[in-house]
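Asker: structure, please.
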Amino acid sequence: MTSRIIVGITGATGAVYAVRLLARLKTTGCETHLVASPAGVLNVHHELGLDRRALEALADHAYGPADIGARIASGSFASDAMVVAPCSMRTLAAIAHGVSDNLLTRAADVILKERRRLVLMVRETPFNLAHLRNMTSVTEMGGVIFPPLPAFYHRPQTIDEMVDDTVERVLGLIGVAGASPKVWGGL
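Answerer: Sure thing, here's the model as predicted:
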């Protein structure tokens, strides 16, 4: 059975994580469903030079954030997981408080209510108390807060290696067959 993964993109910095995640999911045979906020599309264009059409071409299915009638807005759609990469603090707050005001936040709400895996790659520093409380709230609901912090113990030589390592860790976390996160071998 092919896994169905929803990928959300918001306007926080780190668009490379979403694009690399979509590309890597394609190599695993997962079916991808993309929803990007307007700020997410703007940021993908600013950071990577891709327009909406090029971004949507990376996914099997793409939806606009206003398309609340899309199939990913329903618990009857059998998705396996959702990753929001990157996840803005605004989107985190909406998810933490059950504000399903667009397709991205509605899809995340559905993932939580159906007890499926939700991973939020939050991007902001430093965190204020509202950010921390919202992260706690999402964690208490079963979501996973995964700031894309690079690991240095494998001695990455390039930014690409750091991004790839983070993406592999996310793939492993959501249970994608073929994920190959680096394993710590000890000292």
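Asker: low-confidence ranges in the chain?
Answerer: For the chain, the stretches flagged by pLDDT under 70 are 1-2.
Asker: tell me which element the residue nearest to M82 when sequence neighbours are not counted falls in.
Answerer: Spatial nearest neighbour of M82, chain neighbours left out: I6 (4.0 Å); criterion: C-beta to C-beta, 6 or more residues apart in numbering. Using the backbone N, CA and C atoms, a C-beta is placed for each residue, glycine as well. For I6, the element it lies in under DSSP states H and E is strand 4-9.
Asker: direction included, what does that strand pair against?
Answerer: strand 31-36 (parallel), strand 81-87 (parallel) (DSSP bridges).
Asker: how far does it sit from the chain's center?
Answerer: Put simply, strand 4-9 sits 6 Å off its chain's centre (C-alpha atoms, centre = their mean, to the nearest Å).
Asker: next helix or strand past it?
Answerer: Next helix or strand after strand 4-9 toward the C-terminus (DSSP H and E): helix 15-28.
Asker: what is that following helix packed up against?
Answerer: Under the contact definition 3 or more C-beta pairs under 8 Å, 6 or more residues apart in numbering; DSSP states H and E, helix 15-28 sits against strand 4-9, strand 31-36, helix 38-48, strand 81-87, helix 159-173.
Asker: okay if I get the ones you listed as a markdown table plus mean neighbour count and distance to L120?
Answerer: Formatted as a markdown table, those follow (neighbours: other C-beta atoms under 10 Å; distance: least, C-beta to C-beta, whole Å):
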| stretch | mean neighbour count | distance to L120 |
| --- | --- | --- |
| strand 4-9 | 27 | 9 |
| strand 31-36 | 23 | 14 |
| helix 38-48 | 18 | 14 |
| strand 81-87 | 28 | 4 |
| helix 159-173 | 18 | 11 |
